[in-house]
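K.L.:
here is my input, please return the structure:
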Amino acid sequence: MVSVLRVVLADDHRLTASALSDSLRGHGVDVVAVVHSPPDALDAVATHRPDVLVTDLDMGPGPSGLDVALKVKQTMARIGVVVLTAYEDPKLVAAAMPQVPPDVVYLVKQRVSEVQELLMAVRTAHLFATGEARPPKKATRFDLTTSQAALLRLVSQGLSNQAIADELQLTLGSVTVGINRLAKKFGVSGDDSTNVRATLSQRYFDYVGFQRES
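P.N.:
Reported below is the predicted structural model:
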């Protein structure tokens, strides 16, 4: 393992990127490039050949940080990748979001309480890429199926069961069963469907890093 890790940082929010870069540099990491779009991330990785790419998941319209991660792992396998995101499950961004490979470290921002946790993620990604550590064997690390994620997202938007059925091209009965299963999965009880929907909606906002007022 190299003594000083070289990192490319990609985040479309410039203030966040600057803060993360300063934090990493303050803890001995050599941040060789800070970029703000998927194409620039790929260019920076190809140019600098860092030890690790740290990229945000949601990079606005177009390719996601996960798309960048997959491209890097396909073409430059010995470069580690950390996907840093507010989303507990990438499928909550979009149903078509690709699966996170086992050797990509997926780090949820709201679960990070100190810089050391980000540093550990960077080091772990590097160890995975160099073969010095084995990534987890489990193919998926997330609780929600693609259909559950889509259903939870549409419930959070306040759509009626019929509107959800139309959107997902399902029967009304299938949507009702799906919502009931989600409620059971999250331990939501009660006969009042409005309360169930409100609780499921709040669970969605928790999953995407929405900050509630205290």
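
K.L.:
what ranges does the protein have for its strands?
P.N.:
6-10, 30-35, 52-56, 80-85, 104-108 (DSSP state E).

K.L.:
out of those strands, nearest to residue 184?
P.N.:
Nearest of these to residue 184, taken as C-beta to C-beta: strand 104-108 at 24.0 Å. (C-beta placed from N, C-alpha, C; glycine too.)

K.L.:
just checking, what packs against the closest one?
P.N.:
Packing contacts for strand 104-108, counted by 3 or more C-beta pairs under 8 Å, 6 or more residues apart in numbering; DSSP states H and E, involve helix 65-75, strand 80-85, helix 115-130.

K.L.:
now what about it, what contacts it?
P.N.:
By C-beta atoms under 8 Å, 6 or more residues apart in numbering, the residues outside strand 104-108 that reach it are 66, 69, 73, 80-88, 90, 100, 117-118, 121-122, 124-125, 128, 141, 209.

K.L.:
what residues of it count as buried?
P.N.:
Buried residues in strand 104-108, counted by 16 or more other C-beta atoms under 10 Å: 104, 105, 106, 107, 108.

K.L.:
next one: it to chain centre, how far?
P.N.:
Offset of strand 104-108 from its chain centre (C-alpha atoms, centre = their mean, to the nearest Å): 7 Å.

K.L.:
pLDDT weak spots in this protein?
P.N.:
Segments of the chain classed as low confidence (criterion: pLDDT under 70) are 1-2, 95, 138-142, 190-194, 209-214.

K.L.:
got a markdown table for the helices and strands packed on strand 104-108, with mean neighbour count and distance to residue 19 too?
P.N.:
As requested, the helices and strands packed on strand 104-108 are exported to a markdown table (neighbours: other C-beta atoms under 10 Å; distance: least, C-beta to C-beta, whole Å):
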| stretch | mean neighbour count | distance to residue 19 |
| --- | --- | --- |
| helix 65-75 | 20 | 17 |
| strand 80-85 | 25 | 12 |
| helix 115-130 | 19 | 10 |
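
K.L.:
no further queries at this time; thank you.
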